[in-house]
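>>> No sequence on hand, only this structure:
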DNA sequence: ATAGGGTTAG
């Protein structure tokens, strides 16, 4: 870059210069030149730089903020906004307090981002109180972020309260509440908000479809999708098609997903990252691993999500070694693995012969890639170790877990004990499992099965009594299949399906033929 | 002049 050029630059030109930056290094270069040339004394210029850095490198943005003698409300808003997109969320409130100490008044734009940085219900209540005190509470932007954050923290009743106290309810507030209700299991309430909202757009429909999926109401989701296809309500845009495709993967609806695939190819000229990645995930979840691999190889550019989806797809389709090999290839010529990639590759190690490899990767994750294992990583490790018969190793790991084991961890351990006939260990795991607070029936059933397996019938009765006493219901196992766009759900020992008799007859034929 | 909310790939 030529110094003369930047010296004569006008504000819009400077803005265009920043917009052209594709990497942080490029932005940092421009920052350096901005300072050398003396442009940095114009507050607008530095504020713009700060806003741009906050989108991709929050630490850098914070240093810029620290260098400004008297930062404006714009500078604070940009930095808080940057923090709302990272994991250092606690910095949001810290900055807000610093800003107040410097006697800078927050404005309407401060609260939506500040609300997004709240990492627990108490900080959210605190920020909500501030917004109320300073008169920003009727702003629709503030309302919609409050609704979605309260819902995220499982305080959906507070979300509903905020919604009801608002006089102007636009499409975004309503969509926030719809998503909030769905993610807290309030399906009827979500539908009611949708029916009563003044207008609906593609995002509200998208929220309905993914909400139904989250609550396992697959046919309702497809009913909505068909409404969209047949009527002229809203045009199913790319995001909505991606939502449906994800839904198809979740339930294994191969036929419907394939039509979405065609529609996506028609509507979008480029085979972009998100579409490609969701297609890989979709085909892998439907068991068509060849098609998934085909898309993977044909994709011109791949990011970490693409590679992770492929590794996970191979791992869950029994191609354990291929998944691990692909991970090795990725390390040579692909992006840097993240925490989800390690979950995928640990799932791939779920085979008796691969537990050494698993330990190896688990160590590499922390030492080489500096990723702290989450409860899911420990879960994968305990599961595969216990399954392969290394119960000692599994137990050591459980004791090492900084966050403490949950029901899933003890469940995996118990399962490993049972298939390896470790009775006394199984009993100990069972006691831990039942000792954990929680209404999930899986643990109790596991323990009951364990006692039954070793002939301790008084143990079985004891667990049953405990379930009655603690009001734990049994959620029976179930499965589903899509036929001609209709999803059929079956429970264990199900006698409710309208064609149940026919299905059983066919099943019997198959059983006599192949058993 | 600059900074804000809801759906959406692993």
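Done, it's in. Model, not experiment: these values are computed from the prediction.

>>> distance between stretch A:109-118 and the chain's centre?
Here the centre of mass of C-alpha atoms in stretch A:109-118, compared against the chain's by C-alpha atoms, centre = their mean, to the nearest Å, lies 21 Å away.

>>> Let me see the mean pLDDT of it.
If you average the pLDDT over stretch A:109-118, you get 96.

>>> What is the neighbour count of residue A:14?
The criterion is other C-beta atoms under 10 Å. On that basis, residue A:14 has 19 neighbouring residues. Glycine gets a C-beta too; all of them are placed from N, C-alpha and C.

>>> Tell me who's in contact with residue A:51.
Taking C-beta atoms under 8 Å, 6 or more residues apart in numbering, we find residue A:51 in contact with A:74, A:78.

>>> one more time with 6 Å, if that's ok
If a contact means C-beta atoms under 6 Å, 6 or more residues apart in numbering, then residue A:51 has residue A:78 as its contacts.

>>> Repeat that for residue A:251.
Residues counted as contacts of residue A:251 (C-beta under 6 Å, 6+ apart) are A:218, A:487.

>>> tell me the pLDDT at it?
Looking at residue A:251, its pLDDT is 85.

>>> From DNA strand B, how far off is residue A:255?
19 Å (C-beta to the nearest atom of the strand, to the nearest Å).

>>> With residue A:275 instead?
8 Å.

>>> In terms of helices and strands, where is that residue?
Assigning secondary structure by DSSP states H and E places residue A:275 in helix A:273-285.

>>> Packing partners of the helix or strand following that helix?
Scanning forward in sequence from helix A:273-285, with DSSP H and E defining helices and strands, the next element found is helix A:289-298. For helix A:289-298, the packing partners by 3 or more C-beta pairs under 6 Å, 6 or more residues apart in numbering; DSSP states H and E come out as helix A:273-285.

>>> In chain A, where is pLDDT below threshold?
A:1-8, A:268-271, A:437-443, A:446, A:471-482, A:485, A:489-494, A:510-511, A:513-515 (pLDDT under 70).

>>> For the nearest residue to residue A:347 once chain neighbours are set aside, give me its contacts.
The spatially closest residue to residue A:347, leaving aside those adjacent along the chain, is residue A:315, at 4.4 Å (C-beta to C-beta, 6 or more residues apart in numbering). If a contact means C-beta under 6 Å, 6+ apart, then residue A:315 has A:323, A:344, A:347-348 as its contacts.

>>> Tell me how far residue A:315 lies from residue A:96.
With the distance defined as C-beta to C-beta, to the nearest Å, residue A:315 ends up 43 Å from residue A:96.

>>> Then residue A:242?
For residue A:242, the distance to residue A:96 (C-beta to C-beta) stands at 35 Å.

>>> Those two - which one has more neighbours?
Applying other C-beta under 10 Å to residue A:242 and residue A:96 shows that residue A:96 carries more neighbours, namely 22 against 19.

>>> which residues sit in contact with that one?
Applying C-beta under 6 Å, 6+ apart, the residues near residue A:96 are residue A:114.

>>> tell me which residues of the host helix or strand of it are tucked away?
Remark: residue A:96 resides in helix A:91-101, with elements defined by DSSP H and E. For helix A:91-101, the buried set under the neighbour-count rule, 16 or more other C-beta atoms under 10 Å, comprises A:91-93, A:95-96, A:99.

>>> Pick the one among these closest to residue A:353.
Distance to residue A:353 across the buried residues of helix A:91-101 (C-beta to C-beta) is lowest for residue A:91, with 45.4 Å.

>>> Got the phi and psi for the closest residue to the closest one other than its chain neighbours?
Of all residues not flanking residue A:91 in the chain, residue A:83 sits nearest, at 4.6 Å (C-beta to C-beta, 6+ apart). Dihedral angles phi and psi of residue A:83 (degrees, to the nearest 10) take the values phi -70, psi -30.

>>> a strand runs through residue A:488, doesn't it?
Yes. Inclusion of residue A:488 in a strand is indicated when DSSP: H, G, I helix; E, B strand; the rest coil is applied.

>>> count of residues packed around it?
The tally of other residues near residue A:488 (other C-beta under 10 Å) stands at 16.

>>> cool, residue A:226 as well?
That count, for residue A:226 with other C-beta under 10 Å as the rule, works out to 12.

>>> re earlier: mark which of the contacts of residue A:315 are buried, thanks.
Buried subset of these (neighbour count, 16+ other C-beta under 10 Å): A:323, A:344, A:347-348.

>>> any idea which of those is closest to DNA strand B?
DNA strand B has its nearest neighbour among the buried ones among the contacts of residue A:315 in residue A:344, at 6.6 Å by C-beta to the nearest atom of the strand.

>>> ok, now which ones touch residue A:143?
A:166, A:173.

>>> Can you classify residue A:168 by secondary structure?
Of the three states, residue A:168 takes coil under three-state DSSP.

>>> Next one: the spatially closest residue to it that is not a sequence neighbour relative to residue A:156, how far apart?
The shortest distance from residue A:168 to any non-neighbouring residue, by C-beta to C-beta, 6+ apart, is to residue A:140 (6.2 Å). Distance of residue A:140 to residue A:156, computed by C-beta to C-beta: 19 Å.

>>> Domains of chain A: list them as residue ranges, please.
Taking automatic domain parsing as the criterion, chain A consists of the domains A:1-114, A:269-370, A:373-475.

>>> one step back: thought the residue nearest to residue A:168 was touching residue A:171?
No. With contact defined as C-beta atoms under 6 Å, residue A:140 does not reach residue A:171; the gap is 9.8 Å.

>>> residues of whatever helix or strand residue A:359 lives in that come out buried?
Taking DSSP H and E as the criterion, the element that holds residue A:359 is helix A:355-367. By neighbour count, and taking 16+ other C-beta under 10 Å as the criterion, the buried residues in helix A:355-367 are A:355, A:357-359, A:361-362, A:365.

>>> Next one: the helix or strand residue A:344 falls within, is it in contact with DNA strand B?
Applying DSSP H and E as the criterion places residue A:344 in helix A:339-348. Yes. Contact between helix A:339-348 and DNA strand B, assessed by C-beta under 7 Å from any atom of the strand, occurs at A:340-341, A:344.
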